[in-house]
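Trainee: Whatever this is, show me its structure:
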Amino acid sequence: MYRTHTCGELRAKHENSEVTLAGWVHKVRTHGALTFVDLRDRYGITQITINSDDDLDTDFTKESVIQIKGVVVKKPEANKALETGEIEVIAKEVNVLSKSEPLPIDNNATEDNRLKYRYLDIRNNGVIDNLAFRSEAVLTVRNFFRSENFLEIETPLLVKSTPEGARDYVVPSRINKGMFYALPQSPQLYKQILMIAGADKYFQLAKCLRDEDLRADRQPEHTQIDFEMSFVHQEDIQAFVERLMKDLFKRTLNKELDSFPVFSYDNAMARFGSDKPDIRFGLELTDVTKIGKETDFAVFKEAEVVNAIFVEKDFSRKEIDKYTDLVKTYRAKGLAYSKIVDNKFDGGVSKFLDASVQEKIISAINATGKTGTVFFVADRLRISQTALGHLRNKLALDLELYNKDDFKFCWVNDFPLFSYNEEEDKWEPEHHMFSMPKPEFVNDFESRPGEVKGDLWDLVLNGWEMASGSIRVSNPKVQERIMNFIGLNKEEANEKFGFLLDAYKYGGPIHGGMGIGVDRLVALMLQFTDIRAVMAFPKNKNAQCPMDDSPNKISEIQLDELSISINK
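Mentor: Below is the predicted model:
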């Protein structure tokens, strides 16, 4: 056998045992006739001592793979930095299994070089620990679903192209010339059909593929905990997910989660300036529009909305300019401000606001008797809220207003069902077209699309969207009306989604579900904001894999078989 124990297993209780270990040479140190080797595998490190008088093979380099046979001895003084630090192994036999060349990357390697040699990055930079945690998290999730009587069912990876949201990745069919499959952006339609089929409770760890521009929290492919439940209301699904998350965090991080507060979309935007609020800290927005209308200050008087945020800190002009630039990136025209000292405004916009207005604002933002700075964004409703919401998050980060070890979930409900695309002059689904309108909007949503709330919601963790869910449209006539309203006529709807509409004609239960992003969830659990830290082989910002050089060209023979020509 190549090993009797792993490199993280031996302790003082193994003293005098004959053992065989195998792993990578982590460090080599020579002192006279003795060579000390730190031997590493994914379980830990064990110190090996080799005596040159024993004529053993030491023709190896760092990161070579070796096997040693020897005897465990207890150290006179333990190395507390290692879990195996109370022992060492005196080598009796050394076999070099694979000699390593000098590594092509180090801790200063560029991102693309780290991805090119991803196997070395995984091996040497702690990534394997991230993947091990991910594995444990996924197993915990699976066990929870099984305990709740869900069926794990795999849905197809080669599906019909039904473009919505992001672009599809398409796959040409060799047998059906000129025809294409798509890779699924989500299992949405199939899991709905599984409910019609009577599966009742379904889940899978689903691969989802979307041809979209990349960010730190997005990749061309990602994994989601996808599930669907029959005969449920929104509250049933949310209660289930809350139990799931509490179980996951307790078993993997030994963290007890608080209950998940619930905010409506409008309330979240009004209080936090975001539909994915970070509730680890306060610093909430205050609407001072009515007070602003009492002034002759045109910026406040003529704005649709004036929102304020108060911080108990005095900022420099340079810092305020930085925050002004920030809100402008979110379409705000500017950032008004004033210092507050002795219950009065000082500097900034103070000269435009009389004493009574200042007093009312100070009272409204709960700054009476406090010293600090108040920031204002006067603009259209969503611009004012969103810009100040981003400022709120930046201030919290700069001022360290929250504990980074905290995990705070919340729900955001009652999203608008539709959003207006000004560039294309049309209404579009806020999430997707398969979400049910709230009951009070079902009969006439076409006549008041801007008011319509959907029976849909998001799960948010520390200011990051973790998942979206909804009660699905199980009435084919309502589904056809939604499709028609967003621009799909009956012929187009049947061409793209006829199989779904037909299925509901034969009795579909009321049902709903969610898709929870595994990569993002695990990354945040380990306090990463870049999901690549918890993915084995991620792509770079150009959706390329430098390790295997994909995407790459295919041969003319393959193109001919597929009846495809390349038009650059």
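Trainee: Now do the host helix or strand of Phe145: everything it contacts.
Mentor: Per DSSP states H and E, Phe145 falls inside helix 127-147. Helix 127-147 is contacted by residues 42, 121-122, 152, 203, 205, 225, 227, 243-244, 247-248, 251-252, 518, 521-522, 525-526, 528, 533-534, 536 when judged by Cβ atoms under 8 Å, 6 or more residues apart in numbering. C-betas here are computed from N, CA, C, even on glycine.
Trainee: just stretch 72-91 next, same as before
Mentor: For stretch 72-91, contacts defined as Cβ under 8 Å, 6+ apart pick out 7-12, 14-17, 19, 21, 44-51, 54, 56, 68-71.
Trainee: one more time with 6 Å
Mentor: Stretch 72-91 is contacted by residues 10, 12, 14-15, 17, 19, 44-50, 56, 68, 70-71 when judged by Cβ atoms under 6 Å, 6 or more residues apart in numbering.
Trainee: Likewise for stretch 246-258?
Mentor: Contacts for stretch 246-258 (Cβ under 6 Å, 6+ apart): Glu136, Ala137, Thr140, Phe144.
Trainee: re the thing from before, spell out which strands sit alongside the helix or strand just after the helix holding Phe145 in the sheet and which way each one runs.
Mentor: Once helix 127-147 ends, the next helix or strand along the chain (criterion: DSSP H and E) is strand 151-152. Strand 151-152 pairs in its sheet with strand 201-209 (parallel), by DSSP bridges.
Trainee: Please work out the average pLDDT along the strand it pairs with.
Mentor: Strand 201-209 carries an average pLDDT of 97.
Trainee: So which bits of that strand are buried?
Mentor: Neighbour counts over strand 201-209 (16 or more other Cβ atoms under 10 Å) mark Lys201, Tyr202, Phe203, Gln204, Ala206, Lys207, Cys208, Leu209 as buried.
Trainee: re earlier: quick check: buried residues in the helix holding Phe145?
Mentor: Within helix 127-147, the residues that count as buried by 16+ other Cβ under 10 Å are Val127, Asn130, Leu131, Phe133, Arg134, Ala137, Val138, Thr140, Val141, Arg142, Phe144, Phe145.
Trainee: Which of the contacts of helix 127-147 fall within strands?
Mentor: Of those, the ones assigned to strands by DSSP state E are Glu152, Phe203, Leu205, Ile225, Phe227.
Trainee: for this structure, what's the longest strand?
Mentor: strand 18-31.
Trainee: who does that strand touch, helix- and strand-wise?
Mentor: strand 34-41, strand 65-74 (3 or more Cβ pairs under 6 Å, 6 or more residues apart in numbering; DSSP states H and E).
Trainee: quick check, nearest of the buried residues of helix 127-147 to Leu397?
Mentor: Proximity of these to Leu397 (Cβ to Cβ) peaks at Asn130, which lies at 23.0 Å.
Trainee: where along the stretch 201-350 of the chain do the helices fall?
Mentor: 234-253, 265-272, 289-292, 298-301, 317-328 (DSSP state H, counting those that start in this stretch).
Trainee: What average pLDDT does the fourth one get?
Mentor: Confidence for helix 298-301, expressed as mean pLDDT, is 95.
Trainee: Only C-alpha atoms, please: export it in CSV.
Mentor: Provided in CSV are the C-alpha atoms of helix 298-301 (Å, rounded to 0.1, in the frame of the first residue of the first chain):
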residue,chain,number,x,y,z
ALA,A,298,-34.3,74.7,-6.0
VAL,A,299,-32.4,71.5,-5.7
PHE,A,300,-34.7,70.3,-3.0
LYS,A,301,-37.9,72.1,-4.0
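Trainee: got the buried residues for it?
Mentor: Per 16+ other Cβ under 10 Å, helix 298-301 contains these buried residues: Val299, Phe300.
Trainee: How about residues contacting that helix?
Mentor: Residues from elsewhere that reach helix 298-301 (Cβ under 6 Å, 6+ apart): Gly292, Lys293, Thr295, Val306, Ala378.
Trainee: what's the pLDDT at the residue nearest to Ser52 when sequence neighbours are not counted?
Mentor: Distances taken as Cβ to Cβ, 6 or more residues apart in numbering place Ala33 nearest to Ser52, at 4.6 Å, with adjacent residues excluded. We have a pLDDT of 91 for Ala33.
Trainee: Now do the longest strand of the chain: distance to the chain's middle.
Mentor: Distance of strand 18-31 from its chain centroid, counting by Cα atoms, centre = their mean, to the nearest Å, is 38 Å.
Trainee: Taking strand 65-74 as reference, get the angle to it.
Mentor: Per axes from the mean of the first three to the mean of the last three Cα atoms, to 10 degrees, the angle that strand 18-31 makes with strand 65-74 is 100 degrees.
Trainee: Pull the distance from the helix holding Phe145 to the chain's centre.
Mentor: 16 Å.
Trainee: Kindly report the same for stretch 122-137.
Mentor: Centroid separation between stretch 122-137 and its chain, computed with Cα atoms, centre = their mean, is 17 Å.
Trainee: Same question for stretch 47-57.
Mentor: Worked out by Cα atoms, centre = their mean, stretch 47-57 lies 48 Å from the chain centre.
Trainee: buried residues in it?
Mentor: In stretch 47-57, counting by 16+ other Cβ under 10 Å, buried: Gln47, Ile48, Thr49, Ile50, Leu56.
Trainee: swap in stretch 325-341?
Mentor: Leu326, Val327, Tyr330, Ala332, Lys333, Leu335, Ala336, Tyr337, Ser338, Lys339, Ile340.
Trainee: Looks like Met229 contacts Ala199 (just checking).
Mentor: No: judged on Cβ atoms under 6 Å, Met229 makes no contact with Ala199 at a distance of 9.8 Å.
Trainee: Counting neighbours, go ahead and name the busier of the two.
Mentor: The neighbour comparison of Met229 against Ala199 (other Cβ atoms under 10 Å) goes to Met229, with 23 against 18.
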